[in-house]
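>>> Prediction below, plus the sequence it came from.
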Amino acid sequence: MPHPGNPVTRSLTRVLADVRAQDHPGRVADYIPELSRADPEAFAISAASVSGHTYAAGDSTTLFTIQSISKAFVYALVLSEHGADAVTARVGVEPSGEAFNAVSFDDRGRPHNPLVNAGAIVTTSLVPGASAEERFARIRRGLSAFAGRDLDCDETVAASESATGDRNRALAMLARSSGALTEPVDDVVEAYFRQCALRVDTTDIAVMGATLAGDGINPRTGERVVPPAVARDTLSVMASCGMYDRSGQWLFEVGMPAKSGVGGGIVAVAPGEYGIGVFSPPLDAVGNSARGVATLRTLSQEFGLHLFRHPERPASPVQAIDVEPGGTVVIRLRGMLDFVAAEQVAHLTAYGPETTADATTRVVLDVSAVTASTRVAARLLADVAAELRLQGRDIVLVDPDGVIDIA
């Protein structure tokens, strides 16, 4: 459950108040009649960490239809089902620079990416199913796994989308004529309409985002929903294509992979850290939630969530260096070992004054305080150990939890 009274929640509440006090003009979507009934004053934000902590402010229990946010997660499902090569044979990964419902196909006859309508319809067609009902059932189970609870469909909204969905049917026909779509058009678009009508709140989409942030593991349930490579590839497409023809400006200003929906929701992801869900129905000129965009811009700036931010100096992985009698040098490491951390250790063992002294014949690498290690970090430390042995020195690893292997 979201924590109601801690500093994170208070910070989110303050951001909502600041954004609400500003003028962010927008209009509630009305091309799907049922969406026009949304309360334009509804405004909410939720955040979910990869550790499973959730926080929420505003109208965070208000349900709304997921709409185009679903595109990113269905894309992840079909990548997991078929693999990237098979999927990219049908749908590209390039930004279209056009509106979400534009006729958007490349010179190979593929929709430009899976996050515009043409591409999303083809992506939905790749979900296995002998009928619209079977295909939607698989989509609902998959998106429920991302959210960590059973999602249901707003059948009234789905019917409204179907009744006004001639443009999407036309896009499906064009995709079929180009060979990108091979399934029956009616089966695919009806599943697509119901996919967009799944009901969520901001905490649901924050958890869905956190599942991608956590390499495909749902922080609410602990279930692996998609493989790490699928989470990475989905975030890559969200970063470049998720905010339609404002995706470049979004990446420049906000710097988080994201996906918006015309129901007023946006999911944004800080990889390895958080999923964030915002909701405010009035949309800007390109179909993104006007207050939602402003909220995430503020969060990115104030919380340091921009994908390309860098600390002034990376945190040192070295907890301490002790020189013992007889020339033994003990290097104690801490925290998470990635390539940057391992490079610092490699440089230290090659050039550090403690380890380059002639008297040093034994180096002890103590990783008792290391929480985890990437594969490349372990490989680099293995090379360090090999180099020390070539120099005629002993290398001893203290690794009681088996975090790395440099044998």
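Here it is on my side, so go on. Residues are numbered from 1 along each chain as shown.

>>> residue ranges of the helices in the stretch 251-400 of the chain, please?
Secondary structure of the stretch 251-400 of the chain (DSSP state H, counting those that start in this stretch): helices at 290-303, 339-351, 353-356, 375-390.

>>> Show me what the longest one is packed up against.
Looking back up the chat, that one is helix 375-390. On a contact count with 3 or more CB pairs under 8 Å, 6 or more residues apart in numbering; DSSP states H and E, helix 375-390 meets strand 329-337, helix 339-351, strand 362-373, strand 394-398. C-beta: built from backbone N, CA, C; applies to glycine.

>>> so how far is it from its chain's centroid?
Mean-position distance between helix 375-390 and its chain equals 32 Å (CA atoms, centre = their mean, to the nearest Å).

>>> Go through it and flag the buried ones.
Across helix 375-390, burial judged by 16 or more other CB atoms under 10 Å covers 377-382, 384-385, 388.

>>> Also the first one?
If you call a residue buried by 16+ other CB under 10 Å, then helix 290-303 has these buried ones: 290-300, 303.

>>> I'd like those residues laid out as CSV, including distance to Ala346 and pLDDT.
Output for the buried residues of helix 290-303, formatted as CSV (distance: CB to CB, whole Å; pLDDT from 0 to 100):
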residue, distance to Ala346, pLDDT
Ala290, 49, 94
Arg291, 48, 95
Gly292, 44, 95
Val293, 43, 94
Ala294, 44, 95
Thr295, 42, 96
Leu296, 38, 96
Arg297, 39, 94
Thr298, 40, 94
Leu299, 36, 92
Ser300, 33, 92
Phe303, 32, 85
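
>>> Can you lay out these as TSV showing distance to Phe279?
As requested, the buried residues of helix 290-303 are exported to TSV (distance: CB to CB, whole Å):
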residue	distance to Phe279
Ala290	12
Arg291	9
Gly292	7
Val293	12
Ala294	13
Thr295	10
Leu296	12
Arg297	16
Thr298	15
Leu299	14
Ser300	18
Phe303	19
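
>>> Closest one of those to Gly109?
For the buried residues of helix 290-303, the minimum distance to Gly109 (CB to CB) is 32.6 Å, reached by Val293.

>>> ok, the closest residue to Ser49 other than its chain neighbours - contacts?
Counting by CB to CB, 6 or more residues apart in numbering, the nearest residue to Ser49 once its immediate chain neighbours are dropped is Tyr274, at 5.5 Å. By CB atoms under 8 Å, 6 or more residues apart in numbering, the contact set of Tyr274 is 47-50, 206, 209-210, 213, 305.

>>> ditto for Ala386
Taking CB under 8 Å, 6+ apart, one finds nothing in contact with Ala386.

>>> At which residues are the strands of this structure located?
For the chain, the strands defined by DSSP state E occupy 44-49, 54-58, 64-65, 199-200, 258-260, 265-270, 274-279, 318-323, 329-337, 362-373, 394-398.
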